[in-house]
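Undergrad: This is a predicted model, with the sequence first.
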Amino acid sequence: MIMTETLTETLQEGIRLFNLKRWDMALRVFLQLHTDTNEEDTKVTSELAYYLGLCYTKLGRFDDALLYLEQVVNAESNVLRVYQCRLTLAYIYVITERTKMAEFELNRLSEIGFESVQLYTILAYSACSEQQYRKAVELYAKALQLDNNNTTAMNGLGYILADTAMNVQQGLIFCKKAVDLNPENAAYLDSLGWAYFKNGDAVEARNWLRRALGTATLASQQKEIRNHIRIVAGGS
């Protein structure tokens, strides 16, 4: 009994660190607990798999995350937790360019009646990565029907409308609104700069793209923004 209480207290400490966004520290606690836990204690092992999967996702260690998230999906009885893990799996598959696997997870959720902004935005991102732009527009629009202030959907929809020239003016409006609601998001700033360029305003485009570059922290994000800056400079 003492051992079980100790494990529970340690688990709660890991969850506390996770909620504080101290992913590295939380992961160390969960990994140590994983070593100490008797596999017969199913409640603790189920919680561990869930939080280990989320920690690895937050830290970008996607292969490790998949191992634990799939355990939760296959063994967890909590329907909402399975739903969250399937969404996270789909996100990882999209990020790692395994779009067919992402669609499988998302379609499973859709088939059983789950509907959410996250579901539609990930499906839209997946469709966009496969250059199915009209499908992506429809999915982002569905997300905005559920939450008309969702900046992820606004930005995604605005960028596609401007980039593909489906409706460059409407695309600019969506991108502006996303930046108004989240003015420090480098991806949104980049989209707004690009939307201005697609609307023929190279001066505003350069201003917003430079701001985006100064805000970006990820190397991949900086690369895309620099590419946009180069194109704008060449076309102005």
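TA: Thanks, I have the structure now. In this text the structure is predicted, and so the values were computed from the model without any measurement. Numbering: from 1, shown residues only.

Undergrad: OK, contacts around the residue most central in space within the chain?
TA: For the chain, the residue sitting closest to the mean C-alpha position, by C-alpha atoms, centre = their mean, is Y91 at 5.8 Å. By C-beta atoms under 8 Å, 6 or more residues apart in numbering, Y91 lies in contact with T57, A102, I122. Just so you know, the C-beta spots here come from the backbone N, C-alpha and C atoms, and that holds for glycine as well.

Undergrad: Nearest residue to the last one in space, please, no chain neighbours.
TA: Spelled out, that is I122. A90 (5.1 Å; C-beta to C-beta, 6 or more residues apart in numbering).

Undergrad: what's the spacing between that neighbour and L123?
TA: A90 sits 8 Å away from L123, going by C-beta to C-beta, to the nearest Å.

Undergrad: Quick check: neighbours shared by the two?
TA: Common neighbours of A90 and L123, counting by C-beta under 8 Å, 6+ apart, are E103, L106.

Undergrad: In this structure D64 contacts K58, no?
TA: No - look at D64 against K58 with C-beta atoms under 8 Å: they stay out of range, at 11.4 Å.

Undergrad: element containing the residue nearest to the centre of the chain?
TA: helix 79-95 (DSSP states H and E).

Undergrad: Repeat that for V203.
TA: Going by DSSP H and E, V203 is in helix 202-215.

Undergrad: circling back to that earlier point, quick one, the very next helix or strand once past the helix holding Y91 and helix 79-95 angle?
TA: Note on helix 79-95: by DSSP H and E, the next helix or strand toward the C-terminus is helix 99-111. Between helix 99-111 and helix 79-95, the angle comes out at 150 degrees (axes from the mean of the first three to the mean of the last three C-alpha atoms, to 10 degrees).

Undergrad: can you tell me which residues contact the spatially closest residue to A233 that is not a sequence neighbour?
TA: Nearest non-adjacent residue to A233, counting by C-beta to C-beta, 6+ apart: R206, 7.4 Å away. R206 sits next to G193, I229, V232, A233, S236 when contact means C-beta under 8 Å, 6+ apart.

Undergrad: elements contacting the strand or helix carrying the fourth one?
TA: Think A233. Per DSSP H and E: A233 is located in helix 219-235. In this structure, helix 219-235 makes packing contacts with helix 186-198, helix 202-215, judged by 3 or more C-beta pairs under 8 Å, 6 or more residues apart in numbering; DSSP states H and E.
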